[in-house]
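>>> how does the following fold in three dimensions:
(one chain, ligands or ions: 1)
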Amino acid sequence: MSVTPIRLFGDPVLRTPAAPVVDFDAELRQLVADLTETMFEAGGAGLAAPQLGVGLRVFTWFVDGEVGHLVNPDVTPAGEETEEAPEGCLSIPGFRFDCRRHLHVAATGWNMHGEPVRIEGSHLLARAVQHETDHLDGVLFVDRLDDGARAAALAEIQQAEWAGMGAYTPVVKVSPH
Ligand code: NI
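You can find the predicted model right below:
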């Protein structure tokens with residue numbers, strides 16, 4: 001496994017719809033391992049393959065102590081309830097904006113061994129699944145904000161110290177002791 005640089009807002013790969021996985025092979029298992037390790041290192045609740053520059057429909061999540069991954073996901077809202085809460089993205093580091101999401105979702109797909117998987121989640125897990133699936137369609141969470149909030153968010157992001165950098169490699173913050 002290896003920690004892989006995370007692409008930043010502005011990189012065209014984040015705006016490119018990802019292709020379905022066809023081969024459930026060693027390369028896919030390596031991708032899941034890289035996503036998982038990079039997500040842990042960056043302290044994220046989820047990470048999608050396009051964020052590592054890979055245009056495949058795969059993401060990982062880490063919510064409430066549980067780690068998982070999903071290949072070729074198909075996400076369906078469960079019920080009508082929504083929730084607005086602060087959301088962030090490892091490709092837009094340092095920013096959080098209130099974003100409205102479905103409160104409950106069900107997702108089907110495959111694991112890296114090609115076995116069918118079904119996930120049901122609420123709150124943060126539901127939010128992570130929706131956020132990461134958006135990444136696979138070239139959609140970023142700021143796109144989901146209301147017009148006014150989105151314009152304000154984009155203006156803030158343009159001023160980020162990392163704006164225009166392209167990518168960064170997450171590193172564990174080690175205490176001085
Ligand atoms: Ni994200």
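>>> all strands in the chain, in order from the N-terminus.
Assigned by DSSP state E, the strands in the chain fall at 6-7, 46-48, 58-63, 66-77, 82-87, 97-102, 104-110, 116-122, 167-168.
>>> as JSON lines, the ones you listed with distance to residue 136 and mean neighbour count would be great.
To be clear about C-beta, it is placed using only N, CA and C from the backbone, and glycine gets the same treatment. Formatted as JSON lines, these follow (distance: least, C-beta to C-beta, whole Å; neighbours: other C-beta atoms under 10 Å):
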{"stretch": "strand 6-7", "distance to residue 136": "14", "mean neighbour count": "22"}
{"stretch": "strand 46-48", "distance to residue 136": "6", "mean neighbour count": "29"}
{"stretch": "strand 58-63", "distance to residue 136": "7", "mean neighbour count": "24"}
{"stretch": "strand 66-77", "distance to residue 136": "7", "mean neighbour count": "18"}
{"stretch": "strand 82-87", "distance to residue 136": "17", "mean neighbour count": "14"}
{"stretch": "strand 97-102", "distance to residue 136": "16", "mean neighbour count": "18"}
{"stretch": "strand 104-110", "distance to residue 136": "11", "mean neighbour count": "19"}
{"stretch": "strand 116-122", "distance to residue 136": "15", "mean neighbour count": "15"}
{"stretch": "strand 167-168", "distance to residue 136": "19", "mean neighbour count": "16"}
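>>> out of the ones you listed, which gets nearest to residue 150?
Closest of those to residue 150 is strand 97-102, at 8.6 Å (criterion: C-beta to C-beta).
>>> ok, that closest one: who's next to it in the sheet?
strand 82-87 (antiparallel) (DSSP bridges).
>>> may I have the strand it pairs with as CSV, with CA atoms only?
C-alpha atoms of strand 82-87 as CSV (Å, rounded to 0.1, in the frame of the first residue of the first chain):
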residue,chain,number,x,y,z
THR,A,82,-32.7,15.6,4.3
GLU,A,83,-30.1,17.0,6.6
GLU,A,84,-28.0,20.2,6.3
ALA,A,85,-24.6,19.9,8.0
PRO,A,86,-21.0,21.0,7.5
GLU,A,87,-19.2,19.1,4.8
